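Asks: the sequence and its predicted three-dimensional model are supplied below.
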Amino acid sequence: MDLKVAFVVVCLFALAITSTEAVIPKCCMKTAEHVNKHWLMKVEKWYVQQSSGACDISALILFVKGRLKPICAPLKVKTLLKSLQKRRKRHNVKAAF
């Protein structure tokens, strides 16, 4: 009887571990020294990695169309990225008319 209880407890514990969102975060360890402007034009989505959380450094995580791995960029690239995205959005709106 004790063996069955132990087996059920182990199975429930394994299920709890695999089903929770307690995943090891993927953090940038360093940022790229140079970010190609061509990459910035092809950014599909991005987010900011904060150093105050589980990660050691603050970085801008860029997901570029055509690249499998994201690019870790310094935070100073964020202003350039936003201005490029605004310009691209304005250009696409004008082209629609």
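Replies: Looks like it came in fine. Residues are numbered from 1 along each chain as shown.

Asks: tell me how many other residues crowd Met41.
Replies: By other C-beta atoms under 10 Å, the residues close to Met41 number 14. Just so you know, the C-beta spots here come from the backbone N, C-alpha and C atoms, and that holds for glycine as well.

Asks: doesn't Ser83 make contact with it?
Replies: No: applying C-beta atoms under 8 Å, one finds Met41 not in contact with Ser83, separated by 11.6 Å.

Asks: hey, where'd the strands end up in the protein?
Replies: With DSSP state E, the ranges of strands along the chain come out as 43-49, 59-64, 71-73.

Asks: for the ones you listed, give me a markdown table that also has mean pLDDT and distance to Lys26.
Replies: Converted to a markdown table, those look like this (pLDDT from 0 to 100; distance: least, C-beta to C-beta, whole Å):
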| stretch | mean pLDDT | distance to Lys26 |
| --- | --- | --- |
| strand 43-49 | 92 | 9 |
| strand 59-64 | 94 | 9 |
| strand 71-73 | 94 | 10 |
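
Asks: possible to save these as CSV with mean neighbour count?
Replies: Below are the strands of the chain laid out as CSV (neighbours: other C-beta atoms under 10 Å):
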stretch, mean neighbour count
strand 43-49, 15
strand 59-64, 20
strand 71-73, 21
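
Asks: need those in JSON lines (columns: distance to Lys37).
Replies: Below are those laid out as JSON lines (distance: least, C-beta to C-beta, whole Å):
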{"stretch": "strand 43-49", "distance to Lys37": "11"}
{"stretch": "strand 59-64", "distance to Lys37": "12"}
{"stretch": "strand 71-73", "distance to Lys37": "12"}
